[in-house]
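A.B. asks: Turn this into a model:
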Amino acid sequence: MKFKTILAMCLAATTVLATSSAMAWESEDGAHSVTANVLLGSDYVFRGISQTSRKPTIQGGIDYEHGTGLYVGTWASNVDFGSETDATEAKSEFNLYGGFSSEIGGTGVGYDIGALRYYYPGLGGSDDFNELYGSLSYRYFSIGIAHSGNFLNSGEKATYYNVGFEYGLPYDITLMAHAGYQNLDSTLGDSYKDYLVGVSKAIFDLEVSLTWTDTDSEGENFAGDKDLVDNIVTFSVSKTF
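C.D. replies: Residues are numbered from 1 along each chain as shown. From the prediction side, this is the model:
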């Protein structure tokens, strides 16, 4: 999920090796803007779990934002959940989302609330589901929550909690850290924690970053494969317009 809401809520959602040829548009009065991106990634990591079996990913998205803080967008990525024989295995993920982001007047506290729909073509809708999300941010820190009443179209509930931290270092390097907790109904599996630590730097209008992600042992159980969650180190270069 490569867009600003998920970035604020869940920094570990996506790490990319990216190039872009997208164009940005803004109305003359500044009330409307559209941005787009095209991305080539070394891995797609969502809440501590690789969604591409630790293989490269191609991603892209388009966002519209109004000056009031309202926004809508769409995003897509390839996925690989490890099945080599199942013809119905999902090969792509599409997200549709919309919400409202602004600042609590004069306090410096930002907030973001919205809804997100996950689509997995090729599965006949069997794993498609919705989430509601919200986040707060202040200076270096952010906290967020995302809730689904039908996680992975299972009929069961799941809630994701996270905290994030970003801090500017010398030489325009940014230090970032994230911790999350995926709370799952017992029928879905074990609830688990995920972690991220990384650095990024803007170079020639690109953002270069190096990150490490991991989960606890319950994350390994939920993913079903230790290699999908254990000590994932990724290098990325990204650009947005």
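A.B. asks: List the residues that contact residue 223.
C.D. replies: 49, 215, 229 (C-beta atoms under 8 Å, 6 or more residues apart in numbering). (Each C-beta comes from the backbone N, C-alpha and C, glycine too.)
A.B. asks: Show me which of those residues is closest to residue 165.
C.D. replies: Closest to residue 165 out of these is residue 215 (18.4 Å), distances taken as C-beta to C-beta.
A.B. asks: I'd say the closest one and residue 196 touch.
C.D. replies: No: assessed by C-beta atoms under 8 Å, residue 215 is found out of contact with residue 196, at 10.3 Å.
A.B. asks: who touches both of these two?
C.D. replies: Common neighbours of residue 215 and residue 196 (C-beta under 8 Å, 6+ apart) are residue 48.
A.B. asks: circling back: looking at the contacts of residue 223, which are in strands?
C.D. replies: Using DSSP state E, the subset of the contacts of residue 223 located in strands is 49, 215.
A.B. asks: could you redo the contacts of residue 223 as CSV and give each row neighbour count?
C.D. replies: CSV is the format used below for the contacts of residue 223 (neighbours: other C-beta atoms under 10 Å):
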residue, neighbour count
49, 23
215, 26
229, 27
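A.B. asks: buried set for stretch 97-108?
C.D. replies: Judged by neighbour count (16 or more other C-beta atoms under 10 Å), stretch 97-108 contains these buried residues: 97, 99, 101.
A.B. asks: ah, wrong one, I meant stretch 148-159
C.D. replies: 148, 151, 152, 153, 154, 156, 158, 159.
A.B. asks: Could you work out the end-to-end span of that stretch for me?
C.D. replies: Length of stretch 148-159, first residue to last, C-alpha to C-alpha, to the nearest Å: 6 Å.
A.B. asks: what's the average pLDDT for that stretch?
C.D. replies: For stretch 148-159, mean pLDDT is 94.
A.B. asks: What of stretch 30-48?
C.D. replies: Averaging pLDDT along stretch 30-48 gives 89.
A.B. asks: just stretch 194-208 next, same as before
C.D. replies: 90.
A.B. asks: Give me the contacts around that stretch.
C.D. replies: Residues outside stretch 194-208 that contact it (C-beta under 8 Å, 6+ apart) are 11-12, 15, 18, 47-49, 169, 171-182, 209-216, 219, 229, 235-239.
A.B. asks: same thing but 7 Å
C.D. replies: Contact with stretch 194-208 is made by 11-12, 47-48, 172-180, 209-215, 219, 237-239, as judged by C-beta atoms under 7 Å, 6 or more residues apart in numbering.
A.B. asks: Just give the number of residues close to residue 168.
C.D. replies: Residue 168: 10 surrounding residues under other C-beta atoms under 10 Å.
A.B. asks: for stretch 31-48, which positions count as buried?
C.D. replies: For stretch 31-48, the neighbour count (16+ other C-beta under 10 Å) marks 34-37, 39-48 as buried.
A.B. asks: What is the nearest of the buried residues of stretch 148-159 to residue 140?
C.D. replies: Taking C-beta to C-beta as the measure, residue 140 lies nearest residue 159 of the buried residues of stretch 148-159, at 24.6 Å.
A.B. asks: Bridge partners for the closest one, pull those for me.
C.D. replies: For residue 159, the beta-bridge partners under DSSP bridges are residue 147, residue 183.
A.B. asks: tell me the contacts of it?
C.D. replies: For residue 159, the contacting residues are 145, 147, 183, by C-beta under 7 Å, 6+ apart.
A.B. asks: Got the confidence number for the first one?
C.D. replies: If you check residue 145, the pLDDT there is 98.
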